[in-house]
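J.: What would the 3D arrangement of this be:
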Amino acid sequence: MQFVLDPPRGVAPVRLGMTLDEAVAAVSGWGRPRVYRADAVRDFDLVSTEYHGIGFQAALERDHRVTAVTVWGPDEDEALDVQVLLDGLDVFRTPADEILAHAARNGRRIDNEDPEAPYVPGVTLAFTRTTSQDVPRDATGLPTHFTSVLVADENYRNAERPGTAGASGA
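T.: Model (predicted):
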C-alpha cells in the first residue's frame, strides 16, 4: 500500500475540502475510524484511523471540511508493506535531511527555523522529528527520520492555529 502526499490537495484517499461523511467513507475500508467532534478543548472535528501501523488523521475546521491531513510513521518493525511517498521518496524510511534536500532541489522553499519541525510554506507540508522512542539520531540529537507529516493548503500555517500535533510541529 502506498499513501502519496499530494500537497496542497491532501493524502489519498482523503482530499482537502471533503466533508466529514466523505472523509469517514474514504478511510472506512481500513476499519472503523474514530470521529472526535469539536468541543471546548478542540474547535474542530477530527477523523482518526490507522492502517497497518500508520496513523492517519483528518482535521475538519473551516466550514466543517477537511483542512489538514496528518500521517504518523510506524514503529521500526511495523508497516513494512506500507509507504508514505513524497515525490517517490518514502518519508518515514528516507533520512529526513535527504527528504528536505530533495524538496529544495525541486524548488520548494524549506523553513527549517525549528529543525524538529521543518515545513514548506505555500503548500503547507509540515514535518516533525519529535519522538520519545529510542531511534537513530544525528550528531545534533535529532531523529534521523521524520515521525509525522502534515499536508494542508497554502493558508493553513497563516491562520490562527489550535495546538494540534503536527499542525505547528508541537
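
J.: Torsion angles phi and psi at the closest residue to Thr147 other than its chain neighbours?
T.: Nearest residue to Thr147 in three dimensions, chain neighbours excluded: Thr131, at 4.7 Å (CB to CB, 6 or more residues apart in numbering). (C-beta placed from N, C-alpha, C; glycine too.) Note on Thr131: backbone dihedrals following degrees, to the nearest 10 are phi -160, psi 150.

J.: same for the helix ranked longest in the chain, what does it pack against?
T.: Of all segments of type helix in the chain, defined using DSSP state H, the longest is helix 96-105. If you count contacts as 3 or more CB pairs under 8 Å, 6 or more residues apart in numbering; DSSP states H and E, helix 96-105 packs onto strand 83-86, strand 89-90, strand 125-128.

J.: The residue nearest to Thr147 touches Gly141, doesn't it?
T.: No: Thr131 is beyond contact range of Gly141, at 11.7 Å (criterion: CB atoms under 8 Å).

J.: Neighbour count for these two, which is higher?
T.: Thr131 (18 against 9; other CB atoms under 10 Å).
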